[in-house]
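A.B. asks: Here's a sequence, model it:
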Amino acid sequence: MNGGCTSKKQKHQKNTTTTQNKIQSSFKNEIAEKTIKKVPIKKPVEKSSVILNDKNAIPFFFNYQKENLENKVRITTRFGSIDIRLFNDTPYHRANFIYLIKKGYFNGTTFHRVVPDFIIQGGNSDRYETSRKRSEIGKYLLPPDTRNGHKHHRGVISMPSSEIENPYKLASPFEFFIVQQVPGAYHLDGSYTVFGEVIAGMEVVDEINKQRIDNLETPLTNVFMEITIIE
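C.D. replies: Predicted coordinates:
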């Protein structure tokens, strides 16, 4: 009868199997334990980002401009690209522009103001993403830097003053304008900081300046941009 009975041979095989399983299990645990000790688990490190304000912005850009020496950028639009060389003798404005590009701030913003035969102005939009990026970067203004005598020739890039009335013409760091007027807009000299010039793509500036606008000088069709650093 088979019933629930087990032969001696079966018992021996069962005991042998159980012993082997214990040895294998112990061996696996030992290997796993050694592996864990040799390869410690690394926890992800959260990188903190400074929030800029009127007190820390200038010290921050003083150090930033020493380590970030890029001075050529490309603005890409649906009309083509505009290449710009930034001036090294306006270090805070150059550093600010490079910093915002590296933060990806300008991507998805627009040329939101067009004044025919005068300027095109960019760096803003009515999208929530733009205001979110601004709040994450910080709230600060930049002092004008007009000591180097840069003129508002056609094709220069300059920084507009803040929308908030201020007697010192402190600049809004998130926006810029390019002079389209021929031969230039020299009545702006001394009030706004010229910090670069177009080296390729003035035909794109001219095309954007031709766009139809409403009574607030806003293009009827959005002119989105992306800005990257180039060699």
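A.B. asks: going forward, measure contacts between C-alpha atoms and count neighbours the same way
C.D. replies: OK.
A.B. asks: What ranges does this structure have for its helices?
C.D. replies: Using DSSP state H, the helices of the chain run over 8-38, 57-67, 91-102, 128-137, 202-209.
A.B. asks: How many residues are close by the residue nearest to residue 110 when sequence neighbours are not counted?
C.D. replies: In this structure, residue 110 finds its nearest non-sequential neighbour in residue 224, 4.3 Å apart by CA to CA, 6 or more residues apart in numbering. By other CA atoms under 10 Å, 21 other residues sit near residue 224.
A.B. asks: ok, residue 224 touching residue 121?
C.D. replies: No: the pair residue 224 / residue 121 is not scored as a contact, 11.8 Å apart, by CA atoms under 8 Å.
A.B. asks: so what sits against both of the two?
C.D. replies: residue 111 (CA atoms under 8 Å, 6 or more residues apart in numbering).
A.B. asks: show me where pLDDT drops low in this protein?
C.D. replies: Applying pLDDT under 70 to the chain picks out residues 1-48, 162-169.
A.B. asks: Go again with 80.
C.D. replies: 1-49, 162-169 (pLDDT under 80).
A.B. asks: Please tell me how far residue 194 sits from residue 138.
C.D. replies: According to CA to CA, to the nearest Å, residue 194 and residue 138 sit 23 Å apart.
A.B. asks: More neighbours: which of these two?
C.D. replies: Per other CA under 10 Å, whichever of residue 194 and residue 138 has more neighbours is residue 194, with 30 against 14.
A.B. asks: what residues are up against the more buried one?
C.D. replies: Counting by CA under 8 Å, 6+ apart, residue 194 has contacts 146, 150, 151, 152, 156, 157, 158, 159.
A.B. asks: Kindly present those as TSV, with separate columns for distance to residue 66 and neighbour count.
C.D. replies: Converted to TSV, the contacts of residue 194 look like this (distance: CA to CA, whole Å; neighbours: other CA atoms under 10 Å):
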residue	distance to residue 66	neighbour count
146	20	16
150	22	20
151	25	19
152	26	25
156	24	24
157	22	26
158	21	24
159	21	24
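A.B. asks: contacting residues around the nearest residue to residue 231 once chain neighbours are set aside?
C.D. replies: Ranked by CA to CA, 6+ apart and with sequence neighbours excluded, the top spatial neighbour of residue 231 is residue 72, at 6.4 Å. Contacts here follow CA under 8 Å, 6+ apart; on that basis residue 72 touches 83, 84, 85, 86, 229, 230, 231.
A.B. asks: ok, now residue 178?
C.D. replies: Counted by CA under 8 Å, 6+ apart, residue 178 has contacts 119, 120, 121, 154, 155, 156, 157, 158, 205.
A.B. asks: from these, which ones fall inside strands?
C.D. replies: Under the assignment DSSP state E, the contacts of residue 178 contribute 119, 120, 121, 156, 157, 158 to strands.
A.B. asks: Looking at these, which two lie furthest apart in space?
C.D. replies: Pairwise distances across the ones in strands among the contacts of residue 178 (CA to CA) peak at 11.9 Å, for the pair 121 and 156.
A.B. asks: Number of residues surrounding the closest residue to residue 124 other than its chain neighbours?
C.D. replies: For residue 124, ignoring the flanking residues on the chain, the nearest one in space by CA to CA, 6+ apart is residue 109 at 5.2 Å. Using other CA under 10 Å, residue 109 is surrounded by 22 other residues.
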